[in-house]
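Enquirer: need a 3D model of the following:
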Amino acid sequence: MGTAIITLKIMPEGVETELDPIKEQATKLIAEFGGEVGKDEIEPIAFGLKALKLFFVMDEKLGSTEDLEEKIKALDGVASVEVVDVRRALG
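Expert: Okay, here's the model as predicted:
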């Protein structure tokens, strides 16, 4: 088994939702899961709505991220969570 790089796209409930608290809480949940956030990005969607993208590294032995996604989805202000990219890390 190797290392995977996962990209999570977190959609807030609305334009007025602060993304920083969501980022902090989601980063803690990812660390508890066994991953390490390496990068975050704000992606403009439409009409002032912005998505939070978190890029993290995890051991493939951890398996599926479904439980992690459900925990992040349960955070205040989060409308949805989606894995938008999975890559195997080389090197």
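Enquirer: avg pLDDT for the helix ranked longest in the chain?
Expert: The residue-count maximum for a helix in the chain (DSSP state H) belongs to helix 19-33. What helix 19-33 shows for mean pLDDT is 97.
Enquirer: stretch 4-16 now?
Expert: 97.
Enquirer: that one: how far from the chain's middle?
Expert: Distance of stretch 4-16 from its chain centroid, counting by C-alpha atoms, centre = their mean, to the nearest Å, is 6 Å.
Enquirer: got it, and stretch 19-29?
Expert: For stretch 19-29, the distance to the chain centre is 9 Å (C-alpha atoms, centre = their mean).
Enquirer: again, but for stretch 11-31
Expert: Centroid separation for stretch 11-31 versus its chain: 9 Å, with C-alpha atoms, centre = their mean.
Enquirer: same thing with stretch 72-90?
Expert: Stretch 72-90 has its C-alpha centroid displaced from the chain centroid by 4 Å (C-alpha atoms, centre = their mean).
Enquirer: which positions within it qualify as buried?
Expert: Across stretch 72-90, burial judged by 16 or more other C-beta atoms under 10 Å covers 72, 77-78, 81. Every residue, glycine included, has its C-beta placed from N, CA and C.
Enquirer: related to what we said a few turns ago, buried residues in the longest helix of the chain, which are they?
Expert: Residues 19, 22-23, 25-27, 29-30, 33 are the ones in helix 19-33 that count as buried (16+ other C-beta under 10 Å).
Enquirer: quick one: contacts for Phe56?
Expert: Residues near Phe56 by C-beta atoms under 8 Å, 6 or more residues apart in numbering: 5-6, 8, 30, 35-38.
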